[in-house]
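Trainee: need a structure here:
(chains A and B)
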Protein chains: 2
Amino acid sequence: MEFGIRILGSSSALPTLKRNLPSQVLTFNKKPFLIDCGEGTQLQIRRQGISFNKIDHIFISHLHGDHFFGLFGMISTMNLLGRNKPLHIFSPSGLEEIIKGVFNKTRTDIQYNINYHTISTKEADDILETKWLKVTSLPLNHSKPVCGFLFQEKQQQPNVIKEYIEKYNLSISDIVNIKSGNDLLLSSGKIITNSELVKPKPKPRSYAYFTDTKFVAEQYFSIKGVDVLYHEATFAEEDKQLAHTTGHSTAMEAASAALETDAKLLIIGHFSSRYKTHNHILEEAKKVFKNTISAEDGNYIEITHY
Amino acid sequence: MEFGIRILGSSSALPTLKRNLPSQVLTFNKKPFLIDCGEGTQLQIRRQGISFNKIDHIFISHLHGDHFFGLFGMISTMNLLGRNKPLHIFSPSGLEEIIKGVFNKTRTDIQYNINYHTISTKEADDILETKWLKVTSLPLNHSKPVCGFLFQEKQQQPNVIKEYIEKYNLSISDIVNIKSGNDLLLSSGKIITNSELVKPKPKPRSYAYFTDTKFVAEQYFSIKGVDVLYHEATFAEEDKQLAHTTGHSTAMEAASAALETDAKLLIIGHFSSRYKTHNHILEEAKKVFKNTISAEDGNYIEITHY
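Mentor: Here you go, the predicted structure:
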């Protein structure tokens, strides 16, 4: 099942010609989930050929403009494209009032429902569960209340090995039982253990999105074992002081977070526009956590089975 | 003196990969004036290498999101870049409340002054006068209160012909008098007429920005004789009905406006994204008004002395 991340914007507060404002699309089984929505996100979505109408869920980490000013245009565009199904927006409190304020004052009639889901920035919360995916919000530490997001593939039921279906002439009810983890009791009284009958599904994959945040070791406990971690690395080590006063992380701190969580892959992004290039930031992170890549606008990173 | 228009966005409400949301930069004597500010304008400004800090005046035609949603990010960016001089924003009423609402609710502290100038959408008004330029707002006709803008170069005082300065040994006071239009009285009692002494400056140039609007003949009286007219041509002739119900113009109507005003050049834009290409729209306009060009993002059109 396809599970991946498309980077739409990898800059921090100031967009550049190479890096757009923060946004990503997580895709699971062809279903896109938008994470953050800086100005210009709708154009990045068009550029990547993603259908606006397939997006039903948007997750906003916090209410700094660079992470949500693209919502005004995105919501308008969905409206003009004739959307008639609900849109779910998850964010810390305050967003509903802001969005409604703008559209009410401009007397814009949005023809579809927007369901605003306010998420806690004080404690972890399971905010969405679909057939395939569970999304959990996790408090981070920044100059403003902010949430990280953990996307976990749900453990799927194993397949029953085909040859046993034939060998034991299994009914649909037998198969349902076995998939649920039960052993098989034959009419002879013999028991075939469940583990012999099934081919287990691979371990579920997971992705965590952590921005904007400073490095606080405790906040990584809840994503221990995550496969892929996206962590902001706004600053290089030389600007550590600035990172701390502004509630951000350096590349080395992002890498330390990856160590803390035992992540398999670290993606760093949210780069400050003060640096002309960001290769030195990537190198700094790699010294601490080798399997690090930098977010680049347009890039797609598959969340594989590690 | 340089006088020109840089097209930043030529789409209507839906941006495309080729056409950004409405925005233009008018430049006079190296001073940029921003007209409309759709989402993504700040990136277009960067792309064109225009300095944010040189922009002191922004003119917003009306409060449809595609014409001003870029202000949130633009104002934030100017703030992050350390702006410390006032920004003047001219718009129909309501914008101040919207912008302040968003920044207050996100507790964003904008460190420079924004002077909001509310302009009438009922009658023409001279809204700005600089050393070189006079800007007039003009009511248009759309589904929302909207203003067009007329930018008129001011008539500059003529130069006194150098050889007469020497011939008559003119003092600075004499020169000031002559530049102001007075004749010269020689000590002999002879009068040299003003027109003989000066080399007049060329006729002042003018530019009118008319979007969004439907075609209403009377609204063009006040810009009779304008050099260059930018007029929306959202729709092709085949969609005339749609143009009228949505308060927009067809290309032929934009061309009729150019005829009404005796413009020297017509620029059409604000094209609907329903058309894959816009060449047929340009051809329709040209049938009525030959000297028509279509707005293309990034293009620069000089306002010459016609």
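Trainee: Chain A: helices as residue ranges?
Mentor: Here chain A has its helices, by DSSP state H, at A:41-47, A:70-80, A:95-105, A:162-167, A:172-179, A:194-197, A:240-245, A:251-261, A:279-288.
Trainee: For residue A:11, give me its contacts.
Mentor: Applying Cβ atoms under 8 Å, 6 or more residues apart in numbering or on different chains, we find residue A:11 in contact with A:19, A:20, A:21, A:22, A:66, A:270, A:271, A:273. C-beta: built from backbone N, CA, C; applies to glycine.
Trainee: Can you name the residues bridging to it?
Mentor: Beta-bridge partners for residue A:11, by DSSP bridges, are residue A:271.
Trainee: Got the confidence number for it?
Mentor: Residue A:11 is assigned 98 on the pLDDT scale.
Trainee: What of residue A:1?
Mentor: 89.
Trainee: so which of the contacts of residue A:11 is the most crowded?
Mentor: Using other Cβ atoms under 10 Å in any protein chain shown as the neighbour test, those are led by residue A:22, with 33 neighbours.
Trainee: any idea how far that residue lies from residue B:229?
Mentor: 40 Å (Cβ to Cβ, to the nearest Å).
Trainee: residues near residue A:224, how many?
Mentor: Residue A:224 - counted by other Cβ under 10 Å - has 10 other residues nearby.
Trainee: How about the residues of the stretch 101-250 of chain A by chain B?
Mentor: For the stretch 101-250 of chain A, the residues in contact with chain B (Cβ under 8 Å from any Cβ of the partner chain) are A:101, A:102, A:105, A:106, A:107, A:108, A:144.
Trainee: Now do the same contact list for the residue in the stretch 51-200 of chain A positioned nearest to chain B.
Mentor: Minimum separation of the stretch 51-200 of chain A from chain B (Cβ to the nearest Cβ) falls at residue A:73, amounting to 4.1 Å. The neighbourhood of residue A:73, defined by Cβ under 8 Å, 6+ apart, consists of A:39, A:42, B:15, B:21, B:38, B:39, B:65, B:66, B:69.
Trainee: repeat that with 6 Å
Mentor: By Cβ atoms under 6 Å, 6 or more residues apart in numbering or on different chains, the contact set of residue A:73 is A:42, B:39, B:69.
Trainee: now, which of those sits nearest residue A:306?
Mentor: residue A:42 (33.2 Å; Cβ to Cβ).
Trainee: first to last residue in stretch A:202-216, what's the distance?
Mentor: Stretch A:202-216 has an end-to-end distance of 32 Å (criterion: Cα to Cα, to the nearest Å).
Trainee: so where do the strands sit in the stretch 51-200 of chain A?
Mentor: Under the criterion DSSP state E, counting those that start in this stretch, strands of the stretch 51-200 of chain A are mapped to A:57-59, A:87-91, A:114-118, A:125-129, A:133-139, A:147-153, A:159-160, A:184-185, A:191-192, A:198-199.
Trainee: Output these as CSV; include the columns mean neighbour count.
Mentor: CSV is the format used below for the strands of the stretch 51-200 of chain A (neighbours: other Cβ atoms under 10 Å in any protein chain shown):
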stretch, mean neighbour count
strand A:57-59, 24
strand A:87-91, 22
strand A:114-118, 16
strand A:125-129, 15
strand A:133-139, 21
strand A:147-153, 24
strand A:159-160, 18
strand A:184-185, 16
strand A:191-192, 12
strand A:198-199, 13
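Trainee: The ones you listed: which one's closest to residue B:214?
Mentor: Short answer: strand A:114-118, nearest of the strands of the stretch 51-200 of chain A by Cβ to Cβ, at 30.8 Å.
Trainee: So what touches that closest one?
Mentor: A:86, A:87, A:88, A:89, A:90, A:93, A:96.
Trainee: Max pairwise distance over the residues you listed: which two?
Mentor: So, the contacts of strand A:114-118 by Cβ to Cβ: farthest apart are A:86 and A:93, at 19.8 Å.
Trainee: Of those two, give the one with the bigger neighbour count.
Mentor: Taking neighbours as other Cβ under 10 Å, residue A:86 and residue A:93 compare with residue A:93 leading, 13 against 10.
Trainee: how close does the residue nearest to the more buried one when sequence neighbours are not counted get to residue B:136?
Mentor: Excluding the flanking residues, the one nearest residue A:93 by Cβ to Cβ, 6 or more residues apart in numbering or on different chains is residue A:118, at 4.7 Å. For residue A:118, the distance to residue B:136 equals 47 Å [Cβ to Cβ].
Trainee: What of residue A:269?
Mentor: Going from residue A:269 to residue B:136 by Cβ to Cβ gives 47 Å.
Trainee: Check residue A:95 too.
Mentor: In terms of Cβ to Cβ, residue A:95 sits 39 Å off from residue B:136.
Trainee: Distance check, residue A:110 against residue B:142.
Mentor: Here the criterion is Cβ to Cβ. By it, residue A:110 lies 20 Å from residue B:142.
Trainee: The two - which one has more neighbours?
Mentor: The residue with more neighbours, out of residue A:110 and residue B:142, is residue B:142; 21 against 15, by other Cβ under 10 Å.
Trainee: looking at it, the more buried one is touching residue B:247, isn't it?
Mentor: Yes: with contact taken as Cβ atoms under 6 Å, residue B:142 and residue B:247 are classed as touching, separated by 4.2 Å.
Trainee: Now residue A:65: closest residue in space that isn't a chain neighbour?
Mentor: Nearest one to residue A:65, counting by Cβ to Cβ, 6+ apart, is residue B:76 at 5.0 Å.
Trainee: neighbours of that neighbour, just the number please.
Mentor: Neighbours of residue B:76 under the rule other Cβ under 10 Å: 23.
Trainee: so what's the closest residue to residue A:288 other than its chain neighbours up against?
Mentor: Closest residue to residue A:288 apart from its sequence neighbours, by Cβ to Cβ, 6+ apart: residue A:255 at 3.5 Å. Contacts for residue A:255 (Cβ under 6 Å, 6+ apart) come out as A:285, A:288, A:289.
Trainee: any idea how far the first one lies from chain B?
Mentor: This points to residue A:285. 24 Å (Cβ to the nearest Cβ, to the nearest Å).
Trainee: Can you read off the pLDDT for residue A:163?
Mentor: On the pLDDT scale, residue A:163 is placed at 95.
Trainee: That one: what's it in contact with?
Mentor: Applying Cβ under 6 Å, 6+ apart, no residues qualify as near residue A:163.
Trainee: Can you verify my assumption that residue A:138 contacts residue A:148?
Mentor: Yes: the criterion here is Cβ under 6 Å, and residue A:138 meets it with residue A:148 at 4.5 Å.
Trainee: Could you give the separation of stretch A:22-35 from the chain centroid?
Mentor: With Cα atoms, centre = their mean, to the nearest Å as the basis, stretch A:22-35 stands 7 Å off its chain's centre.
Trainee: Quote the end-to-end distance of it.
Mentor: With Cα to Cα, one end of stretch A:22-35 sits 8 Å from the other.
Trainee: Could I get the buried residue list for that stretch?
Mentor: Residues A:22, A:23, A:24, A:25, A:26, A:27, A:28, A:31, A:32, A:33, A:34, A:35 are the ones in stretch A:22-35 that count as buried (16 or more other Cβ atoms under 10 Å in any protein chain shown).
Trainee: Please report how far the first one lies from chain B.
Mentor: Spatial separation of residue A:22 from chain B under the definition Cβ to the nearest Cβ is 12 Å.
Trainee: Phi, psi for that residue please.
Mentor: When read as degrees, to the nearest 10, the backbone of residue A:22 gives phi -50, psi 130.
Trainee: Pull the contacting residues for it.
Mentor: A:9, A:36, A:38, A:66, A:67.
Trainee: Touching, residue A:101 and residue B:100? I think so.
Mentor: No: with contact defined as Cβ under 6 Å, residue A:101 does not reach residue B:100; the gap is 10.2 Å.
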